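A.B. asks: I'll drop the sequence and a predicted model, then ask my questions.
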Amino acid sequence: MAGLRLREAEPSDLHTVAALFRSVRETCLPFLPRLHTPEEDVQFFRERVFPHFNLTIAEMNGEIAGYSAVLPGWLEQLYVLPQFQGRALARNCSRAQREVRHLSGFGCSKKTSGHGAFMKITARGPCS
């Protein structure tokens with residue numbers, strides 16, 4: 001995919017990733033309650049996500065477009081900003097999905113929500 005760059009998350013990405021998480025949830029999943037403040041989101045990512053998960057950042061033309069958070073064999077989070085959805089970014093960029101497929105033969109199906117935020121991991125083979 002032209003303009004796509006994958007990289008490991010760095011400590012300096014903390015606030016951007018927390019803001020991306022909130023933005024996607026508010027835009028694509030408006031039915032979910034807002035349980036935490038933006039400051040609590042940052043604290044959650046600082047204390048729970050960045051130290052314990054493998055985070056991959058997806059950049060499109062230098063702009064952070066999404067991220068995945070993975071434990072071995074387990075895709076915990078995969079968020080893509082709405083303006084980058086529908087470009088196969090999640091399918092093409094998610095190291096998490098590659099790890100899940102590699103470890104357990106799983107792939108992914110199309111999104112399972114009309115809101116464009118969910119991707120179902122299945123045993124149907126590679127993403128198409």
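C.D. replies: Received it, and whenever you're ready, just let me know what you need.

A.B. asks: Every contact and neighbour count from this point should use C-alpha atoms.
C.D. replies: Fine.

A.B. asks: Using the three-state scheme, assign Ala2.
C.D. replies: coil (DSSP: H, G, I helix; E, B strand; the rest coil).

A.B. asks: which stretches of the protein have low pLDDT?
C.D. replies: Within the chain, the ranges that satisfy pLDDT under 70 run 1, 88-128.

A.B. asks: In terms of helix, strand or coil, where does Ile57 fall?
C.D. replies: Applying three-state DSSP: Ile57 is strand.

A.B. asks: what about it, neighbour count?
C.D. replies: By the criterion of other CA atoms under 10 Å, Ile57 has 23 neighbours.

A.B. asks: before we move on, what about Leu32?
C.D. replies: Counted with other CA under 10 Å, Leu32 comes out at 9.

A.B. asks: show me what contacts it?
C.D. replies: Residues in contact with Leu32 (CA atoms under 8 Å, 6 or more residues apart in numbering) are Arg25, Glu26.

A.B. asks: Check the spacing between it and His15 real quick.
C.D. replies: Distance check for Leu32 against His15: by CA to CA, to the nearest Å, it reads 21 Å.

A.B. asks: Could you give the bridge partners of the nearest residue to Leu78 once chain neighbours are set aside?
C.D. replies: Distances taken as CA to CA, 6 or more residues apart in numbering place Ser68 nearest to Leu78, at 4.4 Å, with adjacent residues excluded. As for beta bridges, Ser68 partners with Thr56, Leu78 under DSSP bridges.

A.B. asks: what separates Ser68 from Ala9, distance-wise?
C.D. replies: Distance from Ser68 to Ala9, by CA to CA: 10 Å.

A.B. asks: Show me what secondary structure element comes after the host helix or strand of Thr27.
C.D. replies: Per DSSP states H and E: Thr27 is located in helix 14-28. Later in the chain than helix 14-28, the nearest helix or strand by DSSP H and E is helix 38-44.

A.B. asks: Remind me what that next one packs against, helices and strands.
C.D. replies: Applying 3 or more CA pairs under 8 Å, 6 or more residues apart in numbering; DSSP states H and E, we find helix 38-44 packed against helix 14-28.
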